[in-house]
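Student: when you get a sec, could you give me coordinates for this:
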Amino acid sequence: MEYQVPQFIEVEDKIIGPLTLKQFIYVAGAGGLCVIFFIYLPIFVALLLTAPTIALAAALAFYKMNGKPFIEVLEAGFNYYTRSKLFLWKRREVTAAEQGAAANERAAAAAAVAAGPRNTPKLTRGKLSELAWSLDVKSSGETTP
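Tutor: Just a heads-up that it's a prediction; the model follows:
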């Protein structure tokens, strides 16, 4: 038995003409709000409020930023400005005493590196070759179950 699998699940259905339901709600809501502005406010004030309302509705309905709908961008911006922020590093002024201590630590670390590691065996080319040979012989002689 064969079943048809939907192919384009990310594409919203066009319900009202060339508009999806979300787009229609944004455009119709802005249109209704603009009509209310013109009915109850003086014409100059209505024009001033209508222009940003239409621009916002058009952006919400049609504009995508980096492949994301504009409403998600607005939500992310709102959350960024309203939520508390976690600062992992804050620059602060360093005092002269701290600078001197840091310089002493750097000098001690440089001296330790210059002195070389202590009590470490010397590994010559011959010893390294013997070690590699013994590992090859042991690993090739073993059988895996």
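Student: which residues in the protein form helices?
Tutor: Under the criterion DSSP state H, the chain carries helices at the ranges 21-40, 43-62, 70-82, 96-115, 125-141.
Student: run through who's touching the helix-or-strand element of the chain with minimal mean pLDDT.
Tutor: Lowest on mean pLDDT, DSSP states H and E among the helices and strands of the chain sits helix 125-141, with a mean of 76. By C-beta atoms under 8 Å, 6 or more residues apart in numbering, no residue outside helix 125-141 reaches it. Yep, even glycine has a C-beta here, placed from its N, CA and C like the rest.
Student: distance from the chain centre to that helix, please.
Tutor: 48 Å (C-alpha atoms, centre = their mean, to the nearest Å).
Student: ditto for stretch 38-57
Tutor: On the basis of C-alpha atoms, centre = their mean, stretch 38-57 is displaced by 37 Å from the centre of the chain it belongs to.
Student: do stretch 64-78 as well
Tutor: 14 Å.
Student: give me the contact list for that stretch.
Tutor: Taking C-beta under 8 Å, 6+ apart as the criterion, the residues outside stretch 64-78 that touch it are 59, 60, 63.
Student: quick one, which of the residues you listed are buried?
Tutor: For the contacts of stretch 64-78, burial is judged from neighbour counts taken by 16 or more other C-beta atoms under 10 Å, and it is met by 59, 60.
Student: which of the contacts of stretch 64-78 sits closest to residue 11?
Tutor: Checking the contacts of stretch 64-78 against residue 11 with C-beta to C-beta, the nearest one is residue 63 at 17.4 Å.
Student: what pLDDT does that closest one get?
Tutor: According to the per-residue confidence, residue 63 scores 93 in pLDDT.
Student: residue contacts, it?
Tutor: Taking C-beta under 8 Å, 6+ apart, we find residue 63 in contact with residue 70.
Student: so that it lines up with my notes, have the first residue be 630 from now on.
Tutor: Done: numbering now begins at 630, and the last item shifts to residue 692.
Student: sounds good, over and out.
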